[in-house]
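Trainee: need a 3D model of the sequence below.
(2 chains)
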Amino acid sequence: MERSGRKTIIAVENLTARFGDNTIFQDVSFEVYEGEIFVILGGSGCGKSTLMKHMIGLYETASGKVMIHGVDITKADERLLKKTRLNVGVAFQSGGLFGSMTLAENVALPLQEYTELSREAIDLVVKMKLGMVNLAGYENHLPEELSGGMKKRAGLARAMALDPAVLFFDEPSAGLDPITSAELDSLIKSIRAGIRTTMVIVTHELQSIFSIADRIIMLDKAAKGIIAEGDPRWLKDNSTDPRVTAFFNRKVLEQEGQGT
Amino acid sequence: MDSQKTYNIHVREEGGGKTLLSLSGRIEIGNLHLFLSEADGLVHQVSPGSVRVDLSRVEYLDSAGALGLLQLEDGAKARSISLQFVNMTEEARRIMGLINREALSMKPFAGEKRSNIIEQIGEGSLRILNDFVSIMTFLGDLLTALARSFFHPRVVRLEDVLFYMKRAGVDGLPIVGLISFLLGLIIAFMSSLQLKQFGANIYVASLVGVAMVSELGPIMTAIIVAGRSGSAFAAEIGTMKVNEEVDALVTMGFDPTQFLAVPKVLAAMVAVPILTLYSDFFGIVGGLVVGVLGLDLTVYTYIQETMTVISVTSILKSLLKSVVFAVLIAGIGCQRGFQVRGGAQAVGSATTSAVVAGIFLIVVTDSAFAILFTYI
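Mentor: From the prediction side, this is the model:
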């Protein structure tokens, strides 16, 4: 499990995803190391979110393995899968908050279910988690009363409720203004620095990628698989693959254009 | 997550009012409650003075553990004990840095305000009034849209009308047929028990015929359609509302009532009367089965007797009723859908309310028709 001195947390081996006859990607293999921010990247429709949902066992794989902490979740039974999932937090694209519950109840739910903490201790932890994502004071608000960015942050607070070893985050900056999105990026970085959680993030926002990612993989729709893997800053300058350089450079140009 | 104690607190009096607490092991979310109560006890035990907390042997600290340490510090501060963490690792420092202490003591912003009983009664009354107003407004909208569709048939989305006719009509045939058949069977059977005593078996046919055509056929069909289609209309439009599809229609310049409600209402206006005829027929067949098998009537006499009590007018009245029921069911279904605000739960209550209000309106209107038809 050790390679270049770093511990592997997630290993994806020859994963193939198929919906009916439509193959989304095939034979995808990569590893995520402990404590890193790992970004899955690619254009629309290349299967980024699908790959993430396979990694957390929401979709059934056509073939291949997904090992989290050495457990193959594609073959694990319900009990083992549940145990593995307790070590994994997922923040969904639009928050995935339960609309009928207040924010405090949303965050408290995993604590009530999986710990034996008293009500007071749970309240305290909830306040702390909401404080971490800058939502202190919003305990009694319903999700519908929040903006999109706040919902994402609340979803993140809920995903972090049990301090999971791995945190998945689907499109943290989609639909957010650049300032809110930058704030969320720095929040992600400070959480990683504080709790040393391994993060797997799906995004296509270049600005986020350069500011947070330690390593990336880039998926491509036509290739049905990974076309680049490594440090995004290095790839941007050194990749010889025209698809990779086109992705980075066009996006960078676009952003410079927006900036002026 | 297990809640075993995986940490240890060692207390050593150092003299001169000084105490050293050595923490070791794992302080994490699974045992936060144990840690909090133990720390609270310790703070009350040690004599006021200064306390040093040695963290050098803490193996693991998650954010909940860091919270526990902060609570320990606050507890000490409240009792004027000066508390100092020593040998804190860089990692522990970073985790504690993540915790926003103001957030812990911050009062929640006012969420939903609780109102007292008088306010609640007032709000409830206003709600009923507003509900009535919004139903009437919607009905006005709907009738205008229907009138427009009548004069400009091209604005009607015909494919939608056909689609909903299939959903509300054709797909409902089996259940309407079955229920009406059983209903006819039950009426015939129960009434025959009484009529047998007078040798008036033959009147079972007229009773079933009159009951089905003038009352039970239209009303049962309407109730089944309210349950099947009224609820479906409310859920469909409600979900569109939640997904901002209705807003999209408005911004594109469509009238949501015309676009979404009119096809459903038109479809129901065609489908429900046909279903009613079908229901009448199956009810009479149900009665016929009892008459022939249980009461020794012939098929011919049963039908003859039925024909004498059912007139064309009574069938027309039944159809008129069912058209009105159709407008009410589909209309209330759409109106409840348009009322949805919020999320999944709101769609659920709109669906329930569409069925309940639909059935209520059917029964009230039916009573009105009973009086109307008697005097006309």
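Trainee: okay, now residue B:240: neighbour count?
Mentor: Residue B:240: 20 surrounding residues under other Cβ atoms under 10 Å in any protein chain shown. To be clear about C-beta, it is placed using only N, CA and C from the backbone, and glycine gets the same treatment.
Trainee: what of residue A:175?
Mentor: Neighbours of residue A:175 using other Cβ under 10 Å come to 12.
Trainee: next, the contact list for it, please.
Mentor: Residue A:175 makes contacts with residue A:148, as judged by Cβ atoms under 8 Å, 6 or more residues apart in numbering or on different chains.
Trainee: what about the stretch 151-300 of chain B, any weak spots by pLDDT?
Mentor: Applying pLDDT under 70 to the stretch 151-300 of chain B picks out no residues at all.
Trainee: from residue B:142, how far out is residue B:340?
Mentor: In this view, residue B:340 and residue B:142 are 17 Å apart by Cβ to Cβ, to the nearest Å.
Trainee: looking at the two, which is more packed in?
Mentor: residue B:340 (24 against 20).
Trainee: which non-adjacent residue is nearest the more buried one?
Mentor: Spatially, and ignoring its direct neighbours in sequence, residue B:340 is nearest to residue B:238 (3.7 Å; Cβ to Cβ, 6 or more residues apart in numbering or on different chains).
Trainee: tally of neighbours for the residue nearest to residue B:172 when sequence neighbours are not counted?
Mentor: Using Cβ to Cβ, 6+ apart and skipping the chain neighbours, the partner closest in space to residue B:172 is residue B:228 (5.6 Å). Neighbourhood size, residue B:228 [other Cβ under 10 Å]: 17.
Trainee: how many residues are close by residue B:66?
Mentor: Other residues within reach of residue B:66 by the criterion other Cβ under 10 Å amount to 25.
Trainee: next one: residue A:206
Mentor: With other Cβ under 10 Å as criterion, residue A:206 counts 19.
Trainee: kindly report the same for residue B:208.
Mentor: 31.
Trainee: test my guess that residue A:226 contacts residue A:219.
Mentor: Yes - between residue A:226 and residue A:219 there is a contact under Cβ atoms under 8 Å: 6.1 Å.
Trainee: give me the common contacts of the two.
Mentor: Common neighbours of residue A:226 and residue A:219 (Cβ under 8 Å, 6+ apart) are residue A:28.
Trainee: neighbour count winner among those two?
Mentor: Under the criterion of other Cβ under 10 Å, the comparison of residue A:226 against residue A:219 puts residue A:219 first, with 24 against 20.
Trainee: tell me the confidence at the more buried one?
Mentor: Residue A:219 is assigned a predicted lDDT (pLDDT) of 90.
Trainee: can you check the one 4 residues further on too?
Mentor: The pLDDT attached to residue A:223 in the predicted structure is 87.
Trainee: just say helix, strand or coil for it.
Mentor: Following DSSP: H, G, I helix; E, B strand; the rest coil, we place residue A:223 in the coil state.
Trainee: for chain A, see how far away the residue nearest to residue B:340 is.
Mentor: Counting by Cβ to the nearest Cβ, to the nearest Å, the gap between residue B:238 and chain A amounts to 13 Å.
Trainee: how about residue B:212?
Mentor: Counting by Cβ to the nearest Cβ, the gap from residue B:212 to chain A is 44 Å.
Trainee: tell me, how many residues neighbour that residue?
Mentor: 29.
Trainee: show the backbone phi and psi for the nearest residue in space to it that is not next to it in sequence.
Mentor: Closest residue to residue B:212 in three dimensions, ignoring its sequence neighbours and counting by Cβ to Cβ, 6+ apart: residue B:283, at 3.5 Å. Dihedral pair for residue B:283: phi -60, psi -50, per degrees, to the nearest 10.
Trainee: hang on, the residue nearest to residue B:340 packs against residue B:347?
Mentor: Yes - between residue B:238 and residue B:347 there is a contact at 4.0 Å, judged by Cβ under 8 Å.
Trainee: give me the domain ranges for the chain.
Mentor: You didn't say which chain, so I picked chain A. Using automatic domain parsing, the domains assigned to chain A come out as A:2-87+A:164-259, A:97-163.
Trainee: looking at chain B here, not the other one
Mentor: B:7-105, B:129-375.
Trainee: so how far is the first residue of the first one from its last?
Mentor: By Cα to Cα, to the nearest Å, the extent of domain B:7-105 from end to end equals 27 Å.
Trainee: now do it, average pLDDT.
Mentor: For domain B:7-105, mean pLDDT is 84.
Trainee: next, give phi and psi for the closest residue to chain A within the stretch 251-376 of chain B.
Mentor: Closest to chain A within the stretch 251-376 of chain B is residue B:343: 3.1 Å, counting by Cβ to the nearest Cβ. Phi and psi for residue B:343, reported as degrees, to the nearest 10, are phi -130, psi -150.
Trainee: residue contacts, it?
Mentor: A:99, A:100, A:143, A:144, B:242.
Trainee: can you say which of the residues you listed are buried?
Mentor: The neighbour count (16 or more other Cβ atoms under 10 Å in any protein chain shown) marks A:99, A:100, A:143, B:242 as buried among those.
Trainee: just the closest of those residues to residue A:207, please.
Mentor: Set against residue A:207, the nearest of the buried ones among the contacts of residue B:343 by Cβ to Cβ is residue A:143 (26.8 Å).
Trainee: about what we covered before: between the domains of chain A, which gets the lowest average pLDDT?
Mentor: domain A:2-87+A:164-259 (a mean of 84).
Trainee: okay, and residue B:84 sits in which element?
Mentor: strand B:82-86 (DSSP states H and E).
Trainee: for that strand, packing partners?
Mentor: strand B:50-61, helix B:63-78 (3 or more Cβ pairs under 8 Å, 6 or more residues apart in numbering or on different chains; DSSP states H and E).
Trainee: which single residue of the stretch 101-250 of chain B ends up nearest chain A?
Mentor: For the stretch 101-250 of chain B, Cβ to the nearest Cβ, closest residue to chain A: residue B:103, 2.5 Å.
Trainee: that residue reaches residue A:128, doesn't it?
Mentor: Yes - the pair residue B:103 and residue A:128 passes the contact test of Cβ under 8 Å, sitting 6.8 Å apart.
Trainee: more crowded one of these two?
Mentor: Higher neighbour count among residue B:103 and residue A:128: residue A:128, with 24 against 19, using other Cβ under 10 Å.
Trainee: let me see the contact set for the more buried one.
Mentor: Applying Cβ under 8 Å, 6+ apart, the residues near residue A:128 are B:63, B:64, B:67, B:99, B:100, B:103, B:104.
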